[in-house]
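Colleague: Sequence and predicted model, in that order:
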Amino acid sequence: MSDIGDWFRSIPAITRYWFAASVAVPLVSKLGLISPAYLVLWPEAFLYRFQACYLPWVILGFNYIIGGSVVNELIGNLVGHLYFFLMFRYPMDLGGRNFLSTPQFLYHWLPSRRGGVSGFGVPPASMRRAADPNGGGGRHNWGQGFRLGDQ
């Protein structure tokens, strides 16, 4: 019996635990101590599911778990949020001045129009819209009909 114990202790630690778990877990299930349903991997049950806007914070948490530099991630998140606010939110939504703009020499070297294809699209319109003088709130009045032939 000491030969099996010596052999088991001579196996590297990770392999030893993996081997022991591969014998113990099915045995515990077969004896009815736990339900076999608990042995099935259900990723939905334990994955961190999040909206895309939380991706920088999820990456920060993952780096913290694996022992990476959290300070670099925090600085990156701060710079990214500051850029987004100064480039889009403040000028478009709050009506402030545009603090960040592309230098003109880059437009000279890399024009935004080239052979019919241009840029990356149109930035979204401001969230603040002027009130509709008719009181419709900017919506179409679907109660009024439209006849074919009306131009």
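Modeller: Noted; the coordinates are in hand. Residues are numbered from 1 along each chain as shown.

Colleague: Quick one: the strands in the protein, in order.
Modeller: For the chain, the strands defined by DSSP state E occupy 113-114, 117-118.

Colleague: Can you flag the weakest of the ones you listed by average pLDDT?
Modeller: Ranked by mean pLDDT, the strands of the chain bottom out at strand 117-118, with a mean of 56.

Colleague: Please state the offset of the longest helix that the chain contains from the chain centre?
Modeller: In the chain, ranked by residue count with DSSP state H as the criterion, the top helix is helix 13-30. Put simply, helix 13-30 sits 36 Å off its chain's centre (C-alpha atoms, centre = their mean, to the nearest Å).

Colleague: who does that helix touch, helix- and strand-wise?
Modeller: The contact analysis (3 or more C-beta pairs under 8 Å, 6 or more residues apart in numbering; DSSP states H and E) places helix 13-30 against helix 2-10. In this view, the C-beta of every residue, glycine as well, is placed from N, C-alpha and C.

Colleague: Check what contacts the helix it packs on and list those residues.
Modeller: Here helix 2-10 makes contact (C-beta atoms under 8 Å, 6 or more residues apart in numbering) with Arg16, Phe19.
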